[in-house]
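**Student:** test case, fold it:
(2 chains)
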Amino acid sequence: MKTRLQFIGPFKVFFLALHLVIMVFPLYWILITSLKPQNEIFTYPLKYWPTNITFDNYINIFKISKFHVYIGNSLLVAISSALIVIVISVLSAYVLARFQFRGHRQIMLAFFATQMLPGFISLGPLYLMMTQLDLINSRIALVLMYTVGLIPFSTIILRGFFQRIPASLEEAAMIDGCSRLVALIRIIVPIMMPGIASTFIFAFVQNWNELFMAVMFIDHDLLKTMPVALNSLILKYDVDWGAMSAGTVLSVIPTVFLFAFAQRFIVEGLTQGAVKG
Amino acid sequence: MKSRQPFILFGLLPALLLVLIFTYYPFLKGGIMAFQEYKLFDLRNVHFVGLQNFRDAFKDPKFLTALQNSAYWVFFSLVFQFLIGLTLALLMNKKFRGRGIYQGLVFYSWALSGFLIGMIWKWMFNSQIGVINDLLLKTGIIETRIGFLSDPKWAMISVIIANVWYGIAFFAIMLLAALQSVPSELYEAAEMDGASEARKLISVTLPYILPTIITTTLLRVIWIFNDPTIIYGMTNGGPAGSTHILSSLMLDKIIYAGDYGAASAIGVVMIVLLLLYTLFYLSVTKSEKMGDF
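**Tutor:** From the prediction side, this is the model:
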């Protein structure tokens, strides 16, 4: 075993290290760009190590745009949609995990199929629907669209988690006189918390990053979400890379942290769904 | 037992109704729009035009380029994402110090939006002050700067590189999870038979994780094919339409032209291609569990 390890060792270390550099470098580069003074961003030679660290770009992005408003909008939309997604998907996932009934297979298939549709084909009709519902330039439109978009995937993931919890648990509670809903909320949901939390985080991250729906439905400056704000920053100022990189760093921080935390559970749910069906 | 049916309805109805009304209905309507003249700025003039949108599309050089680009985009993205992801998963399957932190660091790209990734790579590929040109010049690999995103020859390669970077994590995560589920008895048995490392990989590991490989590649092709966000952030289809894939061209028709008819026609072509691919893929892999992911 020892000799074999020595043989694989250098190659393995080299590959892993190289990969680490390639994965981390882009984010490192954006980070130090955001910390450079303007004249160091746009002139040669490039600096690979920050020497004159400044937070001007961070101050700047709040000056040239209402960045705090966009952060607030993104938080509001992303969190409310993720919460609604959890409530609706926990119910549907529970039903699909516990009961066999006519149409069960078709419903599962309908949920799976949404993951394969080229989503933009419905962007036009959705725009017209939102116009009719008078939801253009309303954050409700985004909450609604994000929720709908995430329900199938969340249901599939949560179903995988439910299937691992024995039904005898809630049945025991029901014999004691609980209704099924109460048993679900009191007994099963607490056990499911890791799965629910990671599904919530996944939903939050997706909403936080979403761009195209937000571009389509939100035009009013004070209602924009962060991706839309960054997007319009490019269009308006022909890319102020200093401010842009500062904005990127700010928008990336929460998702990277949350995702690092939730990733293990999401993979568990995904593979559970993939392997067990 | 009597409480079953009302509970099933109560549990499923919200999810089902929302998905039917806001996913399937607009999706079908979009499909119908492909056969209509339907421009956002001329809504009074909406009418059926038969196959006109499709004829226009196939006459449009931009569409034909996008069709070809989609093939390159999917093929090269998938192959490199898969190969690098698998290698990484195999290496990470053995325990080493700091593996947890390592995983977090190499997987974070999965948490970023395609749009931001496009922006970041656009910045790095910049022809004047981009870090990639600088590194290539410093190491003597190139002698003059390359206009990665302004030269049509390089632009498509550049967006694919960014996309490969983005997708490695997905394969690495999924395949690592699959590898960790391989029962160790299988390896012990193989070792007793005197199998080499390579032999074990081919006869034990790969067959065991094959279902995961089949599902992930199927899904990945569909996602890569459908997702234009990296291209949107990086080149927005330019220069001169040379980096458009079908989905980014469709987005272009919606956001900038408001031409839902033309966009939907592209969408319908995409669905047909995806269906053909899925049927072909399922018949080749003979996998019946596919619909279950």
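**Student:** for residue B:235, grab phi and psi.
**Tutor:** phi -130, psi -10 (degrees, to the nearest 10).
**Student:** you'd agree it is up against residue B:157?
**Tutor:** No: counting by C-beta atoms under 8 Å, residue B:235 does not reach residue B:157; the two are 11.5 Å apart. Where C-beta positions appear, they are placed from N, C-alpha and C, glycine not excepted.
**Student:** is stretch A:227-237 up against chain B anywhere?
**Tutor:** Yes: using C-beta under 8 Å from any C-beta of the partner chain, we find that stretch A:227-237 touches chain B at A:227, A:230, A:231, A:234.
**Student:** closest to residue A:133 among those residues?
**Tutor:** Set against residue A:133, the nearest of the residues of stretch A:227-237 next to chain B by C-beta to C-beta is residue A:227 (22.9 Å).
**Student:** near that closest one, how many other residues are there?
**Tutor:** Residues near residue A:227, counting by other C-beta atoms under 10 Å in any protein chain shown, number 24.
**Student:** residue contacts, it?
**Tutor:** Each residue near residue A:227 by C-beta atoms under 8 Å, 6 or more residues apart in numbering or on different chains is listed here: A:74, A:209, A:210, A:211, A:214, A:251, B:113, B:115, B:116.
**Student:** distance of the residue nearest the centre of chain B from residue B:136?
**Tutor:** Nearest to the mean C-alpha position of chain B, by C-alpha atoms, centre = their mean, lies residue B:224 at 1.4 Å. Distance, residue B:224 to residue B:136, using C-beta to C-beta, to the nearest Å: 27 Å.
**Student:** one more: residue A:244?
**Tutor:** In terms of C-beta to C-beta, residue A:244 sits 23 Å off from residue B:136.
**Student:** so for these two, which sits in the more crowded spot?
**Tutor:** Of the pair residue A:244 and residue B:136, residue A:244 is the one with more neighbours under other C-beta under 10 Å, namely 24 against 16.
**Student:** correct me, but that one touches residue A:230?
**Tutor:** Yes: judged on C-beta under 8 Å, residue A:244 makes contact with residue A:230 at a distance of 6.9 Å.
**Student:** common neighbours of these two, please.
**Tutor:** In contact with both residue A:244 and residue A:230: residue B:119, using C-beta under 8 Å, 6+ apart.
**Student:** test my guess that the residue nearest to the centre of chain B contacts residue B:163.
**Tutor:** Yes: using C-beta under 8 Å, residue B:224 is in contact with residue B:163, at 7.0 Å.
**Student:** anything in contact with each of those two?
**Tutor:** With C-beta under 8 Å, 6+ apart as the test, residue B:224 and residue B:163 both reach B:73, B:77.
**Student:** quickly find the element holding residue B:198.
**Tutor:** For residue B:198, the host element (DSSP states H and E) is helix B:197-200.
**Student:** sort out which residues of that helix are buried, please.
**Tutor:** By neighbour count on 16 or more other C-beta atoms under 10 Å in any protein chain shown, the buried set for helix B:197-200 is residue B:200.
**Student:** helices or strands up against it?
**Tutor:** Judged by 3 or more C-beta pairs under 8 Å, 6 or more residues apart in numbering or on different chains; DSSP states H and E, helix B:197-200 is in contact with helix B:184-192.
**Student:** next one: the helix it packs on to chain centre, how far?
**Tutor:** With C-alpha atoms, centre = their mean, to the nearest Å as the basis, helix B:184-192 stands 36 Å off its chain's centre.
**Student:** how about stretch A:138-149?
**Tutor:** Its chain's C-alpha centre and that of stretch A:138-149 lie 14 Å apart, by C-alpha atoms, centre = their mean.
**Student:** right, is it up against chain B?
**Tutor:** Yes: interface with chain B: stretch A:138-149 contributes A:144, A:145, A:147, A:148, A:149 (C-beta under 8 Å from any C-beta).
**Student:** cool, stretch A:57-72 as well?
**Tutor:** No: Stretch A:57-72 does not reach chain B (C-beta under 8 Å from any C-beta); its nearest approach is 13.1 Å.
**Student:** list the buried ones in that stretch?
**Tutor:** In stretch A:57-72, counting by 16+ other C-beta under 10 Å, buried: A:57, A:58, A:60, A:61, A:62, A:65, A:66, A:67, A:69, A:70, A:71.
**Student:** helices and strands around the longest helix that chain B contains, which ones?
**Tutor:** Assignment by DSSP state H gives helix B:61-92 as the longest helix of chain B. Counting contacts by 3+ C-beta pairs under 8 Å, 6+ apart, helix B:61-92 packs against helix A:2-35, helix B:99-107, helix B:152-179, helix B:206-226, helix B:246-255, helix B:260-285.
**Student:** from the contact counts, what lies against the third one?
**Tutor:** Read that as helix B:152-179. By 3+ C-beta pairs under 8 Å, 6+ apart, helix B:152-179 packs against helix A:2-35, helix A:241-276, helix B:61-92, helix B:99-107, helix B:114-124, helix B:206-226, helix B:229-234.
**Student:** contact partners of whichever helix or strand comes after the fifth one?
**Tutor:** From helix B:114-124 onward toward the C-terminus, using DSSP H and E, the following helix or strand is helix B:131-138. Counting contacts by C-beta under 8 Å, 6+ apart, the residues outside helix B:131-138 that touch it are A:29, A:45, A:46, B:124, B:125, B:126, B:127, B:142, B:143, B:145, B:146, B:148.
**Student:** the fifth one and chain A: what is the separation?
**Tutor:** Here the criterion is C-beta to the nearest C-beta, to the nearest Å. By it, residue B:125 lies 11 Å from chain A.
**Student:** now do that residue against residue B:248, distance only.
**Tutor:** Taken as C-beta to C-beta, the span from residue B:125 to residue B:248 is 17 Å.
**Student:** of these two, which one has the most company?
**Tutor:** The neighbour comparison of residue B:125 against residue B:248 (other C-beta under 10 Å) goes to residue B:248, with 27 against 24.
**Student:** let me know the pLDDT of the more buried one.
**Tutor:** For residue B:248, the model assigns a pLDDT of 96.
**Student:** cool, the one 5 residues further on as well?
**Tutor:** At residue B:253 the predicted local confidence, pLDDT, stands at 94.
**Student:** swap in residue B:134?
**Tutor:** pLDDT, read off for residue B:134, is 94.
**Student:** that one: how many residues sit nearby?
**Tutor:** 17.
**Student:** cool, and residue A:51?
**Tutor:** 7.
**Student:** do you know how far it is from residue A:40?
**Tutor:** 8 Å.
**Student:** ditto for residue B:29
**Tutor:** Distance from residue B:29 to residue A:40, by C-beta to C-beta: 52 Å.
**Student:** got any ranges where the stretch 1-150 of chain A has weak pLDDT?
**Tutor:** Where the stretch 1-150 of chain A drops to pLDDT under 70, the residues are A:1-8.
**Student:** would you list every one of the helices in it?
**Tutor:** A:2-35, A:38-41, A:56-64, A:67-98, A:104-114, A:123-132, A:139-162 (DSSP state H, counting those that start in this stretch).
**Student:** packing partners of the first one?
**Tutor:** It refers to helix A:2-35. Here helix A:2-35 touches helix A:56-64, helix A:241-276, helix B:61-92, helix B:99-107, helix B:114-124, helix B:152-179, going by 3+ C-beta pairs under 8 Å, 6+ apart.
**Student:** so which of the residues of stretch A:227-237 next to chain B is the most crowded?
**Tutor:** residue A:230 (26 neighbours).
**Student:** check which helix or strand it maps to.
**Tutor:** helix A:226-237.
**Student:** got the angle for that helix vs helix A:241-276?
**Tutor:** 140 degrees (axes from the mean of the first three to the mean of the last three C-alpha atoms, to 10 degrees).
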